[in-house]
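Engineer: Provide a 3D model corresponding to the input given below.
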Amino acid sequence: MTMMTFQQALKDSEQFNTRHALLGNGFSIACRPNIFLYGMLYERADFSKLSPYTRKAFEALSTQDFERVIKALRDTKEIIKVYRSADASLIDQLQKDADGLRELLVQTIAACHPAWPGEIDEREYAACREFIDHFKTVYTLNYDLLLYWAQMHTDEGVDPASDDGFRKPEDDYEAGYVTWEPWNSKKQNMWFLHGALHLFDAGAETQKYTWINTGVRLVDQVRDALANDYYPIFVSEGSSREKYAKIKHNDYLAKGYRSFCEIGGCLFIYGHSLAANDEHFIRRIENGKLKKIYVSIFGDPDAPLNKAIIARANRMATARKYGWLDVAFYDAGSASVWG
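Structural biologist: Below you'll find the model as predicted:
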């Protein structure tokens, strides 16, 4: 297998009109591995308010991956339901534990998250901006604020080149938040495909917490919201089917999904394992308009996880029903996303 550097991949991609990026958890891990690795989140999570079975479920599956355990609990609940002698209380407990783990994941990310943009230094921001400026549209599957902070981090008096589609609400211009409406998304070039810590479903509208309207740090606002049982938009269900179902029932997420489905040119995938629980986006690559994808590989290409990523990426090309799709690989480290 031929492995390009990031710069070689950029040069190769000049044959296409547009470049897009899809970011996975590796984007955040590259910045703060002591926070965003699943193992670190597991170690920092407070399981004390959940049933004792939740931690044992991680041990039984020999994993520290929250989404894998959430999926296992929900799958087990569905299997048990088909048995006539199933204990209703056990079914309820499985569902309760799955939901509790989902909320615990949100709480743990918020609790461990860097408190304010100043915790990322100027060198890191400069490197990240150089990376993301190569792309017309940036899509992320991450929940944290790092991409948003990087996109907003510009010199004083200079407007950011990115547009996340959020605007001050027309009926409450003094509100401490901004809202997203479909008609404001025509020039949007930053999408949180699975939601994010600072995005909230307020029923009739999707709201985004901001510092500039309140003077209160975003992470502090999120932590206050969680303390009041108000949870952000978070698509952390265990399976691709469950994630897609949730996406369809939120205007912002559904529009982001449709936007991703329509992109052409080429796509750079960075820091994503192409795991089955994100098949709802992987299949859109297979059946979409993209001509070429560049997939990042971190470390030894012969490592088991990387071999699985390479195999899944190559299957995208063979699964393309109409037109053609080329697949290339580049060294994740050579991108120097955070310097």
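
Engineer: At which residues are the helices of the stretch 1-150 of the chain located?
Structural biologist: All helices of the stretch 1-150 of the chain, identified by DSSP state H, counting those that start in this stretch, fall at 6-12, 25-31, 33-36, 38-44, 52-61, 66-81, 88-112, 122-132, 146-152.

Engineer: Can you convert these into JSON lines and add a column each for mean pLDDT?
Structural biologist: Listed next are the helices of the stretch 1-150 of the chain as JSON lines, based on pLDDT from 0 to 100:
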{"stretch": "helix 6-12", "mean pLDDT": "98"}
{"stretch": "helix 25-31", "mean pLDDT": "96"}
{"stretch": "helix 33-36", "mean pLDDT": "88"}
{"stretch": "helix 38-44", "mean pLDDT": "86"}
{"stretch": "helix 52-61", "mean pLDDT": "95"}
{"stretch": "helix 66-81", "mean pLDDT": "89"}
{"stretch": "helix 88-112", "mean pLDDT": "87"}
{"stretch": "helix 122-132", "mean pLDDT": "95"}
{"stretch": "helix 146-152", "mean pLDDT": "91"}
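
Engineer: Redo the ones you listed as JSON lines? Include distance to Pro304 and mean neighbour count.
Structural biologist: (Each C-beta comes from the backbone N, C-alpha and C, glycine too.) As requested, those are arranged in JSON lines below (distance: least, C-beta to C-beta, whole Å; neighbours: other C-beta atoms under 10 Å):
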{"stretch": "helix 6-12", "distance to Pro304": "24", "mean neighbour count": "17"}
{"stretch": "helix 25-31", "distance to Pro304": "16", "mean neighbour count": "23"}
{"stretch": "helix 33-36", "distance to Pro304": "20", "mean neighbour count": "15"}
{"stretch": "helix 38-44", "distance to Pro304": "17", "mean neighbour count": "15"}
{"stretch": "helix 52-61", "distance to Pro304": "17", "mean neighbour count": "14"}
{"stretch": "helix 66-81", "distance to Pro304": "16", "mean neighbour count": "18"}
{"stretch": "helix 88-112", "distance to Pro304": "25", "mean neighbour count": "18"}
{"stretch": "helix 122-132", "distance to Pro304": "27", "mean neighbour count": "17"}
{"stretch": "helix 146-152", "distance to Pro304": "28", "mean neighbour count": "22"}
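
Engineer: And those helices: which comes nearest Val222?
Structural biologist: Ranking the helices of the stretch 1-150 of the chain by proximity to Val222 (C-beta to C-beta) places helix 88-112 first, at 5.0 Å.

Engineer: Against which helices or strands is the closest one packed?
Structural biologist: Here helix 88-112 is seen to pack against helix 38-44, helix 52-61, helix 66-81, helix 218-227 when contacts are counted using 3 or more C-beta pairs under 8 Å, 6 or more residues apart in numbering; DSSP states H and E.

Engineer: what's in contact with it?
Structural biologist: The contact list for helix 88-112 (C-beta atoms under 8 Å, 6 or more residues apart in numbering) reads 35-36, 40-41, 44-47, 49-51, 53-54, 57, 66, 69-70, 73-74, 76-77, 80-81, 143-144, 197, 219, 222-223, 226, 231-232, 234, 236-238.
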